[in-house]
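**Q** Sequence plus the predicted model coming up.
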Amino acid sequence: MSRNYAGLSRERIIVEALHIISGRGLGGLSMRRLGDALEVEAMAIYHHFPLGKEQLFNAIAAYVASPAPGGTAPTDGEAEEDGPAETEEAVDTRPWDVRLTDWAETHRARMLAYSGALSLLVHRAPRTPDGDATRALMHRAFTDAGLTGEDVVRAADALHSYCVGAVVHQVRHADDEDAPDEAEAEARFRFGLRALLRGLT
């Protein structure tokens, strides 16, 4: 097995781990199997994730929840144990509901793409700059919609819960005889999303 670890990165490890989870399930992921897939010794993975599988699981959850199209792997300085970091982003001037709808549809698509890792999202909420950016986006949008104080936080929590719940429901019933196709599943998601946003504001 190669000992050349020059091309090994946190993101490459996370992506390969997701491939294994997709094919074998979460229980099929081990450091040894991950090392074999990456053609490195398992100890090379610990160089990037010194706390082991728990740290890797948190990083996978953060990657799947990332708003970036290709995902963003937390760096050592942004890891879940270190807490949030300051982020700067351009202000989005689109209507508040357009911003939230765009985020929700993107988040749904990422969760469906990595549905094997859904249980990690249910049980873990690592703090990362991406997560802080998402919270800021939601809070700004709901504030623009006219909400104030704790209602902003409650609305953001309701929206996030709806997205995760809708994906879990779709994945759980994907093999049912009357399961909708993707076009209908997306239509149902958008219907519920519109109703939720109207109700919250």
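**A** Thanks, I have the structure now.
**Q** residue ranges with poor pLDDT in this protein?
**A** Using pLDDT under 70 as the threshold, the predicted model of the chain has low-confidence ranges 1-6, 67-90.
**Q** Can you name the residues in contact with stretch 152-163?
**A** 100, 104, 107-108, 111, 135, 138-139, 142-143, 147, 192-193, 196-197, 200-201 (C-beta atoms under 8 Å, 6 or more residues apart in numbering). Any C-beta I mention is one placed from the backbone N, CA and C, and that applies to glycine too.
**Q** Now, those residues that are in helices?
**A** In helices, judged by DSSP state H, the following of the contacts of stretch 152-163 are found: 100, 104, 107-108, 111, 135, 138-139, 142-143, 192-193, 196-197, 200.
**Q** buried subset of the residues you listed?
**A** By the neighbour-count criterion of 16 or more other C-beta atoms under 10 Å, the ones in helices among the contacts of stretch 152-163 include these buried positions: 100, 104, 107-108, 111, 135, 138, 142, 193, 196-197, 200.
**Q** Could you dump those into JSON lines with distance to residue 152 added?
**A** Below are those laid out as JSON lines (distance: C-beta to C-beta, whole Å):
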{"residue": "100", "distance to residue 152": "12"}
{"residue": "104", "distance to residue 152": "16"}
{"residue": "107", "distance to residue 152": "18"}
{"residue": "108", "distance to residue 152": "22"}
{"residue": "111", "distance to residue 152": "24"}
{"residue": "135", "distance to residue 152": "10"}
{"residue": "138", "distance to residue 152": "8"}
{"residue": "142", "distance to residue 152": "5"}
{"residue": "193", "distance to residue 152": "18"}
{"residue": "196", "distance to residue 152": "15"}
{"residue": "197", "distance to residue 152": "14"}
{"residue": "200", "distance to residue 152": "10"}
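**Q** just the residues you listed now: which is nearest residue 15?
**A** Using C-beta to C-beta, residue 111 comes nearest to residue 15 of those, at 16.0 Å.
**Q** where exactly do the helices run in this structure?
**A** In chain order, the chain shows helices spanning 10-24, 31-38, 42-48, 53-64, 96-113, 118-123, 129-144, 150-172, 182-200, with DSSP H as the criterion.
**Q** Please report the distance of the residue nearest the centre of the chain from residue 194.
**A** Taking C-alpha atoms, centre = their mean as the criterion, residue 65 is the residue nearest the geometric centre of the chain, at 1.3 Å. Distance of residue 65 to residue 194, given as C-beta to C-beta, to the nearest Å: 23 Å.
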